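Student: Below: sequence and its predicted model.
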Amino acid sequence: MIQARSLFLTALMVVTAALAGTAAAGERFITVASTTSTRNSGLYDHLLPMFTAKSGIKVRVVAVGTGQAIRLARAGDADVLLVHHRAGEEKFVADGYGVERFDLMYNDFVLVGPAADPAGIKSGKDVAQALKRLTGAGAVFVSRGDDSGTHRKELTLWKSAGVDPSRASGKWYREAGAGMGATLNTASAMAGHTLSDRGTWLNFRNKGDLAILVEGDKRMFNPYGVIAVNPAKHPHVKAADAQAFIDWLISADGQRAIAAYTINGQPAFFPSARPTN
């Protein structure tokens, strides 16, 4: 009797799992390879329910550094790429992996550090000069070190300052190899400096003694683009639903939704697409 009951329960579990798998297989969804900054800012929690309610298409976000997101999309492991490294995005399309790049939105980067500002860089608008001062002071700088869009921007800014921070790796220059939130946590714990996108910074709740020290340099402009993965390269991608998502994002409705997202009353992103309707 006990054995029969056990067999029945086992069979029931198998059937339940099979039904769940069938339901999951029948679910209409797309996968977006995305930079972590859009997720960390809370933007997706704001946008995606609107799109799903309108289209019936769910969106699964794989949030990683921009470099990794591009590699996922190149491998066909996503239907849409949404990142913030224009050169990388344009190469993705030029190499045939993306259909077309669309401007989506922008914000900017900020250089944050201890509010006491031991290196004396506060309120400056020349980020290269600020980085030179940090170098001269041997002030701790925490790099994401993860080939993200933020990391790539950071390296560009160091280059504009004429500094090779890798020479100080493990000393005042620390490479976290982590996302933006974890890097900010490390900077806070070490009373260090780091470069952050503004959206993540606004949504970051563990600021501790960190404050924005440098902002407003035009070199800290941070544009985001969105691209459908090319079905000619990867026939299995959900091209129609991917394009439906992009069309909504760049439409007047999608752009208004982006503009409406604020954190503590401050805009996290500014729409930049040319609305299609």
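Tutor: That came through, no problem. Numbering: from 1, shown residues only.
Student: partners of the closest residue to residue 191 other than its chain neighbours in the sheet?
Tutor: Ranked by Cβ to Cβ, 6 or more residues apart in numbering and with sequence neighbours excluded, the top spatial neighbour of residue 191 is residue 114, at 4.9 Å. To be clear about C-beta, it is placed using only N, CA and C from the backbone, and glycine gets the same treatment. Note on residue 114: beta-bridge partners by DSSP bridges are residue 210.
Student: any idea how far residue 114 lies from residue 214?
Tutor: 13 Å (Cβ to Cβ, to the nearest Å).
Student: all strands for the stretch 151-277 of the chain, in order.
Tutor: 173-175, 194-197, 210-214, 221-229, 262-263, 266-267, 270-271 (DSSP state E, counting those that start in this stretch).
Student: Would you format these as a markdown table with mean pLDDT and mean neighbour count included?
Tutor: What follows is these, written out as a markdown table (pLDDT from 0 to 100; neighbours: other Cβ atoms under 10 Å):
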| stretch | mean pLDDT | mean neighbour count |
| --- | --- | --- |
| strand 173-175 | 97 | 20 |
| strand 194-197 | 97 | 26 |
| strand 210-214 | 97 | 20 |
| strand 221-229 | 97 | 23 |
| strand 262-263 | 96 | 14 |
| strand 266-267 | 94 | 13 |
| strand 270-271 | 97 | 17 |
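Student: And the residue nearest the centre of this protein?
Tutor: By Cα atoms, centre = their mean, the chain has its centre lying nearest to residue 35, at 2.3 Å.
Student: Would you confirm that it contacts residue 69?
Tutor: Yes - if you go by Cβ atoms under 8 Å, residue 35 and residue 69 touch, sitting 6.1 Å apart.
Student: Which neighbours do those two have in common?
Tutor: Residues touching both residue 35 and residue 69 by Cβ atoms under 8 Å, 6 or more residues apart in numbering: 63, 82-83.
Student: Would you mind saying which of the strands of the stretch 151-277 of the chain lies nearest residue 104?
Tutor: For the strands of the stretch 151-277 of the chain, the distance to residue 104 is smallest for strand 221-229, at 4.7 Å, taking Cβ to Cβ.
Student: List the neighbouring strands of the closest one plus their orientation.
Tutor: When DSSP bridges is applied, strand 221-229 pairs with strand 80-83 (antiparallel), strand 98-114 (antiparallel).
Student: which stretches of the protein have low pLDDT?
Tutor: 1-25, 275-277 (pLDDT under 70).
Student: Please, where are all the helices along it?
Tutor: Counting by DSSP state H, the segments of the chain that form helices are 2-26, 36-40, 43-55, 66-74, 86-94, 127-137, 149-160, 180-190, 198-203, 239-250, 252-260.
Student: and those helices, which is most packed in?
Tutor: Across the helices of the chain, averaging neighbours per residue (mean count of other Cβ atoms under 10 Å) puts helix 36-40 on top, at a mean of 26.
Student: how about residue 274, what does it touch?
Tutor: 103, 250.
Student: Please repeat the previous calculation with a cut-off of 10 Å.
Tutor: When contacts are counted by Cβ atoms under 10 Å, 6 or more residues apart in numbering, residue 274 touches 102-103, 250, 255.
Student: Relative to residue 26, which of the residues you listed is nearest.
Tutor: Nearest to residue 26 among those, with distances taken as Cβ to Cβ, is residue 250, at 28.7 Å.
Student: What sits closest to that closest one if chain neighbours are left out?
Tutor: Of all residues not flanking residue 250 in the chain, residue 273 sits nearest, at 3.7 Å (Cβ to Cβ, 6+ apart).
Student: Look up phi and psi at residue 76.
Tutor: Phi and psi for residue 76, reported as degrees, to the nearest 10, are phi 80, psi 20.
Student: same question but for residue 75, I mixed them up
Tutor: According to degrees, to the nearest 10, residue 75 has phi -80, psi 0.
Student: Tell me the spacing between it and residue 148.
Tutor: According to Cβ to Cβ, residue 75 stands 18 Å off from residue 148.
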